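Engineer: turn this into a structure:
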Amino acid sequence: MSYVDDVRDSLAARLPGLEPSLLDLYTLLALTKGVNASMEDVHDAWAVWRSRSRPDHRSIVPFDQLDVDVQELDRKYSDAIVEVSSVYWLARAGVGIDVEITEELGRG
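Structural biologist: Numbering: from 1, shown residues only. So this is what the prediction gives:
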């Protein structure tokens with residue numbers, strides 16, 4: 001199992017039911033933006049994904065043009081990405097690695 005699989009699986013556990021291609025985009029955010037991933041980043045990833053199947057979707061607009069209640073729909077995804085990223089980067093840095101963290105990454 002690769003580090004990508006570890007992060008993807010951790011996200012999938014927190015965000016069940018995501019389409020695999022959207023999960024891959026969120027995995028990329030976890031690995032590249034890490035704890036700095038924002039709701040806007042999540043929205044942009046979603047918009048890229050959704051534009052393939054429903055290019056006319058009304059929410060495929062820049063994040064700041066969405067109503068606040070629609071923006072808030074991205075919060076649980078950005079929170080999960082930040083959480084998984086922080087565990088991954090702490091483990092990678094060797095900071096506080098213990099049974100709980102290695103189990104979190106599926107290595108326990």
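Engineer: now do the helices in this protein.
Structural biologist: 3-14, 20-32, 39-53, 68-71, 75-93, 99-104 (DSSP state H).
Engineer: and the second one, how far from the chain's centre?
Structural biologist: In terms of CA atoms, centre = their mean, to the nearest Å, the gap separating the centre of helix 20-32 from the centre of its chain is 6 Å.
Engineer: what residues does that helix touch?
Structural biologist: With contact meaning CB atoms under 8 Å, 6 or more residues apart in numbering, helix 20-32 is reached by 4, 7-8, 11-12, 15, 18, 37, 41-42, 45-46, 48-49, 77, 80-81, 84-85, 88. All C-beta atoms are positioned from the backbone trio N, CA, C, and that covers glycine.
Engineer: in a markdown table, list the helices of the chain along with mean neighbour count.
Structural biologist: Converted to a markdown table, these look like this (neighbours: other CB atoms under 10 Å):
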| stretch | mean neighbour count |
| --- | --- |
| helix 3-14 | 17 |
| helix 20-32 | 18 |
| helix 39-53 | 17 |
| helix 68-71 | 11 |
| helix 75-93 | 18 |
| helix 99-104 | 13 |
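Engineer: determine which of those approaches Ser59 most closely.
Structural biologist: helix 68-71 (6.1 Å; CB to CB).
Engineer: lowest average pLDDT across the helices of the chain?
Structural biologist: Looking at the helices of the chain, the lowest mean pLDDT belongs to helix 99-104 (a mean of 49).
Engineer: returning to what we had before: need the helices of the chain in CSV (columns: distance to Pro62).
Structural biologist: Converted to CSV, those look like this (distance: least, CB to CB, whole Å):
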stretch, distance to Pro62
helix 3-14, 24
helix 20-32, 17
helix 39-53, 8
helix 68-71, 11
helix 75-93, 16
helix 99-104, 34
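Engineer: indicate which one of the ones you listed is closest to Val61.
Structural biologist: Here helix 39-53 is closest among the helices of the chain (CB to CB), at 8.0 Å.
Engineer: returning to what we had before: what's the closest of the helices of the chain to Ile60?
Structural biologist: Here helix 39-53 is closest among these (CB to CB), at 4.9 Å.
Engineer: can you tell me the closest non-neighbouring residue to Trp89?
Structural biologist: Among residues not flanking Trp89 along the chain, Gly34 sits closest, at 6.0 Å (CB to CB, 6 or more residues apart in numbering).
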